[in-house]
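Asks: Generate coordinates for the sequence data below:
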Amino acid sequence: MSWTDERVETLKKMWGEGQSASQIAKELGGVTRNAVIGKVHRLGLSNRTAAAPVKPEPAEAAQPEAASKPAPAPETAAAPEPSPAPKAEEPEPTPAPASVTPIRRAIIPAGQPLPPQPSANEISPEALASVREVEKTSKKISLMELTERTCKWPVGDPATDDFWFCGLATQAGKPYCEAHVGVAFQPMSSRRDRRR
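Replies: Down below sits the predicted model:
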């Protein structure tokens, strides 16, 4: 479909009348509403001519009504001032519940040992012994040397030069070697037992 002069004129006319892009596309045939919108913008027609603005009623019409009402007679004696109305007591703000208070944890600087972790994260002594033995024989690789076949278990503090990854062959479908899988992925029943 090409934009002939005739089609462009129809587009301009309908757009000026306030027709929607969908209506114009339907009238022209063979174009989408998006094509119409694109052409409108390329032609610089995006500002539609607004309908005649609704004129507000002149303020002068309201003034004669006010003038027709008789003015109240001026009081000769000074009226006693009314006593001030008693102020309604404002309700005291309710304190925020204690559970909403954010928990602030101390920031541990890099290179400092981490505090002891909760007991739910404790590792069995057998698993720890296995991990220590594996870490003695691990490849000690850097982040840039990791692949999908190397164990990604981090060892040490990332802020120090002694930080490394295990690097041994991973267990099928897991990101860690066999020893580190035993620590990272514990059966649900043993985790439940430790919580009790």
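Asks: Then residue 6 would be within a strand, right?
Replies: No - counting by DSSP: H, G, I helix; E, B strand; the rest coil, residue 6 falls outside a strand, being helix.
Asks: What's the first helix or strand after the worst-scoring helix or strand of the chain on mean pLDDT?
Replies: Taking mean pLDDT, DSSP states H and E as the measure, the chain has helix 59-68 as its least confident helix or strand, at a mean of 52. Proceeding C-terminally, helix 59-68 gives way to helix 125-137 as the next helix or strand, assigned by DSSP states H and E.
Asks: Going C-terminal from that next one, what's the next secondary structure element?
Replies: Per DSSP H and E, helix 125-137 leads on to strand 154-155 as the next helix or strand towards the C-terminus.
Asks: Show the average pLDDT along whatever helix or strand comes next after that following strand.
Replies: Going down the chain from strand 154-155, the next helix or strand is strand 164-165, by DSSP H and E. Confidence over strand 164-165 (mean pLDDT, whole number) is 90.
Asks: who does strand 164-165 touch, helix- and strand-wise?
Replies: Here strand 164-165 touches strand 154-155, going by 3 or more C-beta pairs under 8 Å, 6 or more residues apart in numbering; DSSP states H and E. Where C-beta positions appear, they are placed from N, C-alpha and C, glycine not excepted.
Asks: so what does the strand it packs on touch, helix or strand wise?
Replies: Secondary structure elements in contact with strand 154-155, counted by 3+ C-beta pairs under 8 Å, 6+ apart, are strand 164-165.
Asks: which outside residues touch the strand it packs on?
Replies: Here strand 164-165 makes contact (C-beta atoms under 8 Å, 6 or more residues apart in numbering) with 138, 140-143, 145-146, 150-156.
Asks: go with 10 Å
Replies: Residues outside strand 164-165 that contact it (C-beta atoms under 10 Å, 6 or more residues apart in numbering) are 135, 138-143, 145-146, 150-156, 158, 176.
Asks: Repeat that for stretch 146-153.
Replies: By C-beta under 10 Å, 6+ apart, the residues outside stretch 146-153 that reach it are 131, 134-135, 138-139, 141, 143, 164-171, 174-181, 183-184.
Asks: Endpoints of it, how far apart?
Replies: From its first residue to its last, stretch 146-153 covers 10 Å (C-alpha to C-alpha, to the nearest Å).
Asks: List the buried residues for it?
Replies: 150-153 (16 or more other C-beta atoms under 10 Å).
Asks: Show the average pLDDT along it.
Replies: On average, the pLDDT along stretch 146-153 is 90.
Asks: Then stretch 44-55?
Replies: 61.
Asks: any chance of the buried residues of stretch 146-153 in TSV, with distance to residue 35 too?
Replies: What follows is the buried residues of stretch 146-153, written out as TSV (distance: C-beta to C-beta, whole Å):
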residue	distance to residue 35
150	53
151	56
152	51
153	57
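Asks: from those, which single one is nearest residue 5?
Replies: residue 152 (66.2 Å; C-beta to C-beta).
Asks: quick one: that closest one from residue 32, how far?
Replies: Using C-beta to C-beta, to the nearest Å, residue 152 is found at 50 Å from residue 32.
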